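Asker: just need the structure, nothing else, for what follows:
(one chain, ligands or ions: 1)
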Amino acid sequence: MTPNLTRRHLLGLGALQTAAALGFTRIGLASAAAAEPAATDYAPAVVVGSGYGAAVAALRLGQAGVRTVVVEMGRLWDTAGPDGKVFPSTTAPDQRSMWFRNRTEAPLASFLWLDVVNRAITPYPGVLDRVNYGDMSVYVGRGVGGGSLVNGGMAPTPRRSYFTEVLPTVDADEMYGTYYPRARQMLGVNEIDPAWFESTEWYRFARVSRKHAQNTGLKTVFVPNVYDFEYMKREAAGTAQKSALAGEVIYGNNQGKKSVDKTYLAAALGTGNVTIETLQRVVAVRREPDGTYVLTLRRIDLTGAVVETRELACRQLFLGAGSLGTTEILLRARETGALPGLSPAVGTNWGHNGNVMTARANHLWDTVGANQSTMPAMGIDDWDNAANPVFAEIAPLPMGIEHWVSMYLAITKNPERGTFSYDAATDSARLNWHLSQNQPSVAAAKKLFDRVNCANFTMYRYDLFGDNKAFADNFTYHPLGGCVLGQATDNWGRAKGYPGLYVMDGSLVPGSLGVNPFVTITALAERNMARILAEDPR
Ligand code: FAE
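Answerer: Numbers count the residues shown, from 1 in each chain. Presented below is the predicted three-dimensional model:
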């Protein structure tokens, strides 16, 4: 199902394109007429960030007639570089790939122990960031659209029983009856055509992994995605420009993917009430005696130099800077005394959704194919195994050569949680997470894949994740928590003690969901916005 492209939505898309072409850092409907919206130092509502939670807030505020400014630290990704493309591919990364780095830091460290994956690049506000906190690194998207620009598009809905276990105070009937369907429709979630999946060379890698799962007695399921599978079929047929079939994913997709700049944010701009400001990072927030929130923003240019520091005031402040960004903003505000009454729960209950990656070496006759789609479409679903619940996405490894590798991103039920502390010296949040806290995830993934290897007479690959490791236990794609619903906020994301201050993103989810998280983050934001707009004074 694709989101309805209303006239307003198309106007919003037009504004994004014109703003990008003209290099504007402020985007609104005026951009569609080739004029940059005027700078403002006050808006009734401000949304920080432009990922899933933020995009929902922006659209629903705009539709309610509330003049809203969205502030995003990354850039707008809508203009082609010298190669004619907006984003680089995973196999030929350049400055656009990563957030101010001299060298890319891809999840895969090496191949056959060779340092062939990462490249030297020029520092630039690239689209993927890896935030390194000692024993745990977190991948996040940077730019208008946040994580939706760089992710694998997998759009599953969690098992209802597990959702209820994780968020017991949320009405599951409402979520599964109203807000999940609304989120899926708006995001453009669709399913792969099973007949095409069975026949195309591009998913041979997934079929081989399915065969090995079946040999082990494990169940596999198709996983929905926001990449347009009909478009992908045309890529395969040679009638459309290749994106998922050209190795594009973690550094952005030039075609096919419905990132939220194309869905929610375009619709938000189309209301005429929403403006997006880019390359501006929120570095502080305080509250005036009259209840107004005042943000300090630092604007950078494309070299990273700070070109302006300014203040932006609002009556209602919606934080959608992601689990890391929102938690840092609130933790800093509490610890520096700017918002001293924030809950002690801010900065707690963080988890990585039990992420661990692993890879297996196949027999020579089990070829996975030189051609692989970057969009996963299938997973091994062993979540109902109470002794060892694992949902393992069958991940592609598109290298353009036959490599006989089956790769997986396992989502496990890891009870460990991290906390953040404020480091005054660097004015930043530090994640307290020890490598040993990943042991439950590694043990669960190992238990599952030991069975798969045993049933298929195969073994692990040790050459991909550095340090001869079979399990990548030092990074995550799914940061969750830090400002958990019902703990740091009330049951609808209102920050405790501060009327008009709201949390909208993955920081609301206490560390685990059992599946990839963005559909849930979107649906929760839809639910919370419906309540806030109905009840709260503006
Ligand atoms: P998020 O999308 O992270 O957006 C936060 C935004 O806030 C970003 O644009 C930041 O640049 C911006 N920001 C942060 N701090 C500031 C500040 N101080 N001032 C201004 N702006 C700021 O938040 N999930 C799935 O469900 N399926 C997948 O297939 C999947 N694959 C993934 C693959 C990769 C490589 C990565 C990195 C993630 C993947 N995820 C996937 C995770 C998913 O993208 C993530 O859960 C959501 O993007 C989180 O949404 P939020 O709204 O919490």
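Asker: okay, now Leu524: neighbour count?
Answerer: The local packing of Leu524 (other CB atoms under 10 Å) involves 28 other residues. Placement of C-beta: from N, CA and C, glycine included.
Asker: contacting residues for it?
Answerer: Residues in contact with Leu524, defined by CB atoms under 8 Å, 6 or more residues apart in numbering, are Gly53, Leu167, Val170, Met175, Tyr179, Leu485, Gly493, Leu508, Val509.
Asker: the third one reaches Asp490, doesn't it?
Answerer: Read that as Val170. No - under the contact definition of CB atoms under 8 Å, Val170 does not touch Asp490, with a separation of 11.8 Å.
Asker: who has more neighbours, those two?
Answerer: Relative neighbour count places Val170 above the other of Val170 and Asp490, with 21 against 16, counting by other CB under 10 Å.
Asker: may I ask which helix or strand encompasses the more buried one?
Answerer: Here Val170 sits in a region with no helix or strand, counting by DSSP states H and E.
Asker: with the one 4 residues further on instead?
Answerer: Following DSSP H and E, one finds Glu174 within helix 172-174.
Asker: for this structure, which residues are neighbours of the ligand?
Answerer: Listed as neighbours of the ligand in the chain under the rule CB under 6 Å from any ligand atom: 48-54, 71-74, 139-142, 146-148, 150-154, 250, 281-282, 320-323, 325, 329, 477-478, 505-506, 516-518, 521.
Asker: who does the longest strand along the chain pair up with?
Answerer: Of all the segments of type strand in the chain, defined by DSSP state E, the longest one is strand 306-319. Sheet partners assigned to strand 306-319 using DSSP bridges are listed as strand 42-48 (parallel), strand 293-300 (antiparallel), strand 501-503 (parallel).
Asker: ok, and the closest non-adjacent residue to the residue nearest the centre of the chain?
Answerer: In the chain, the centroid-proximal residue (CA atoms, centre = their mean) is Gly147; its distance is 3.0 Å. Closest residue to Gly147 in three dimensions, ignoring its sequence neighbours and counting by CB to CB, 6 or more residues apart in numbering: Gly141, at 4.1 Å.
Asker: what of Asp463?
Answerer: If you skip the residues right next to it in sequence, Asp463 has Trp113 as its closest partner in space, 4.6 Å away by CB to CB, 6+ apart.
Asker: quick check: that neighbour touching Arg461?
Answerer: No - at 10.3 Å, Trp113 and Arg461 do not qualify as touching, with contact defined as CB under 8 Å.
Asker: all strands of the stretch 401-538 of the chain, in order?
Answerer: Listed in chain order, the strands found in the stretch 401-538 of the chain under DSSP state E, counting those that start in this stretch are 405-412, 419-423, 428-432, 459-460, 471-472, 475-476, 480-482, 501-503.
Asker: which one of those strands lies closest to Leu16?
Answerer: strand 501-503 (24.9 Å; CB to CB).
Asker: avg pLDDT for that closest one?
Answerer: In this model, strand 501-503 has a mean pLDDT of 98.
Asker: and if you look at stretch 369-386?
Answerer: In the prediction, stretch 369-386 has an average pLDDT of 97.
Asker: how far off centre is that stretch?
Answerer: Taking CA atoms, centre = their mean, to the nearest Å, one finds stretch 369-386 lying 18 Å from the centre of the chain it belongs to.
Asker: now do the same end-to-end measure for it.
Answerer: One end of stretch 369-386 to the other measures 34 Å (CA to CA, to the nearest Å).
Asker: buried set for it?
Answerer: 369, 371-383 (16 or more other CB atoms under 10 Å).
Asker: check stretch 211-231 too.
Answerer: Residues of stretch 211-231 classed as buried: 212-213, 216, 218, 220, 223-229, 231 (neighbour count, 16+ other CB under 10 Å).
Asker: can I get that stretch as PDB, trimmed to CA atoms?
Answerer: Coordinates of the C-alpha atoms in stretch 211-231 are reproduced here as PDB (Å, rounded to 0.1, in the frame of the first residue of the first chain):
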ATOM      1  CA  LYS A 211      16.600 -23.800   3.100                       C
ATOM      2  CA  HIS A 212      19.200 -24.000   5.900                       C
ATOM      3  CA  ALA A 213      16.600 -22.800   8.400                       C
ATOM      4  CA  GLN A 214      14.100 -25.400   7.200                       C
ATOM      5  CA  ASN A 215      16.800 -28.100   7.500                       C
ATOM      6  CA  THR A 216      17.100 -27.100  11.100                       C
ATOM      7  CA  GLY A 217      13.300 -27.200  11.700                       C
ATOM      8  CA  LEU A 218      13.100 -23.400  12.000                       C
ATOM      9  CA  LYS A 219      10.300 -21.200  10.600                       C
ATOM     10  CA  THR A 220      11.000 -18.300   8.200                       C
ATOM     11  CA  VAL A 221       8.600 -15.400   7.500                       C
ATOM     12  CA  PHE A 222       8.500 -12.700   4.900                       C
ATOM     13  CA  VAL A 223       9.200  -9.300   6.400                       C
ATOM     14  CA  PRO A 224       7.400  -6.200   5.000                       C
ATOM     15  CA  ASN A 225       9.400  -3.200   3.900                       C
ATOM     16  CA  VAL A 226       9.000   0.400   2.900                       C
ATOM     17  CA  TYR A 227      11.100  -0.100  -0.200                       C
ATOM     18  CA  ASP A 228       8.700  -0.300  -3.200                       C
ATOM     19  CA  PHE A 229       9.000  -3.900  -4.300                       C
ATOM     20  CA  GLU A 230       7.200  -3.100  -7.600                       C
ATOM     21  CA  TYR A 231       9.900  -0.600  -8.300                       C
END
